[in-house]
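# Predicted coordinates and the sequence they were generated for:
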Amino acid sequence: MPEGDVLRLTAARIDAALRGTALTLGELRWPGLGGTSLTGRTLTSCLAYGKHLLARFDDGRTLHTHLRMDGQWRVLRTAGPPPQHPQVRAVLATGDWTCVGWRLGMVDLLRSRDEPRLLARLGPDVLADDFLTEGVPQGVRHLADQRDRALCDTLLDQSVVAGVGTIWMAESLFALRWNPWRTADDLDDEARALLLTTAHRLMARSVEIGRVHGLGRVPRAVHGRAGRPCRRCGTPIAVGEANEPPVERPVFWCPTCQDVSRPG
């Protein structure tokens, strides 16, 4: 599932392509929205909050989309008719650029003033500009409330902090050499803050690299490297499990560097 860094880059690309120019085409191919047109509307901003994308228009409405497991927005030069593929869920186009929503997992249209209600259940956005000053204290309180829940489960919970998924959960815990199944109440507030700032730092670096070199160019220390040697100690990277079925997720980790018996 695309994580907060991918959504941040996607929002920036859509904003750069469409902002300030009236749409020549605004199709929503989604149950319940098939008769709704955004043609003629002008994008005023596009931003990400956690794993949610919010495209705001000049008529006071927001197009809210979520990529789920394998959705994506493609930004293309406008050329010819819009794609008619059955997995296209939305098409937003100007004379110069066309943004195509493929395999989107959620599409809805709401009043922009209702965005706070939409986002109310989410924790602070790990990539927000004020995350280090405002989001971390809030996230620390949320982590403290998790008590004996495993850190890998807690970081994936979007009500604790928004935007972290399996990649940056694993990479953050590896960077700190913490066992993924260490419990939230095993940490004091200083350690909880360290965990959140580590996730922020790694994901912000991913965004910066992505802006220059494109998505997915940041090397992973553990995620997706099952059976390959740990870059620190050479131990084969293992795969465990976060959460319980049917929402289980893989956890990549080093059994030596992240041994639960290690201090710290």
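Sure thing, it's come through.
# Please, where are all the helices along the stretch 151-264 of the chain?
151-156, 166-176, 189-213 (DSSP state H, counting those that start in this stretch).
# Could you do the stretch 1-150 of the chain as well?
Using DSSP H, counting those that start in this stretch, the helices of the stretch 1-150 of the chain run over residues 4-18, 115-119, 136-144.
# Quickly compare those and say which is most buried.
Among the helices of the stretch 1-150 of the chain, helix 4-18 has the highest mean neighbour count (mean count of other Cβ atoms under 10 Å), at a mean of 22. The C-beta positions use only the backbone N, C-alpha and C, and glycine is treated the same way.
# returning to what we had before: could you export the helices of the stretch 151-264 of the chain as CSV, including mean pLDDT and mean neighbour count?
Shown next, in CSV, are the helices of the stretch 151-264 of the chain (pLDDT from 0 to 100; neighbours: other Cβ atoms under 10 Å):
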stretch, mean pLDDT, mean neighbour count
helix 151-156, 97, 24
helix 166-176, 98, 23
helix 189-213, 95, 18
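# Reformat the ones you listed into JSON lines and put distance to residue 251 next to each item.
Formatted as JSON lines, those follow (distance: least, Cβ to Cβ, whole Å):
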{"stretch": "helix 151-156", "distance to residue 251": "5"}
{"stretch": "helix 166-176", "distance to residue 251": "6"}
{"stretch": "helix 189-213", "distance to residue 251": "15"}
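# Please name whichever of those is nearest to residue 45.
Nearest of the helices of the stretch 151-264 of the chain to residue 45, taken as Cβ to Cβ: helix 189-213 at 17.4 Å.
# Which other helices and strands does that closest one contact?
helix 4-18, helix 136-144, helix 151-156, helix 166-176 (3 or more Cβ pairs under 8 Å, 6 or more residues apart in numbering; DSSP states H and E).
# what's near enough to touch residue 158?
Contacts for residue 158 (Cβ atoms under 8 Å, 6 or more residues apart in numbering) come out as 50-51, 121-123.
# Let me know the closest of those to residue 27.
residue 51 (23.4 Å).
# Can you say which two of the contacts of residue 158 are spatially most distant?
Going by Cβ to Cβ, the pair spanning the contacts of residue 158 furthest: 51 and 121, at 12.6 Å.
# And the nearest residue to residue 110 once chain neighbours are set aside, how far from residue 75?
Excluding the flanking residues, the one nearest residue 110 by Cβ to Cβ, 6 or more residues apart in numbering is residue 62, at 5.6 Å. According to Cβ to Cβ, to the nearest Å, residue 62 stands 19 Å off from residue 75.
# Please apply the same query to residue 17.
5 Å.
# hey, what's in contact with both of these two?
Counting by Cβ under 8 Å, 6+ apart, the residues touching both residue 17 and residue 75 are 97, 99.
# In a markdown table, list the helices of the stretch 1-150 of the chain along with mean pLDDT and distance to residue 176.
Formatted as a markdown table, those follow (pLDDT from 0 to 100; distance: least, Cβ to Cβ, whole Å):
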| stretch | mean pLDDT | distance to residue 176 |
| --- | --- | --- |
| helix 4-18 | 97 | 19 |
| helix 115-119 | 96 | 28 |
| helix 136-144 | 97 | 14 |
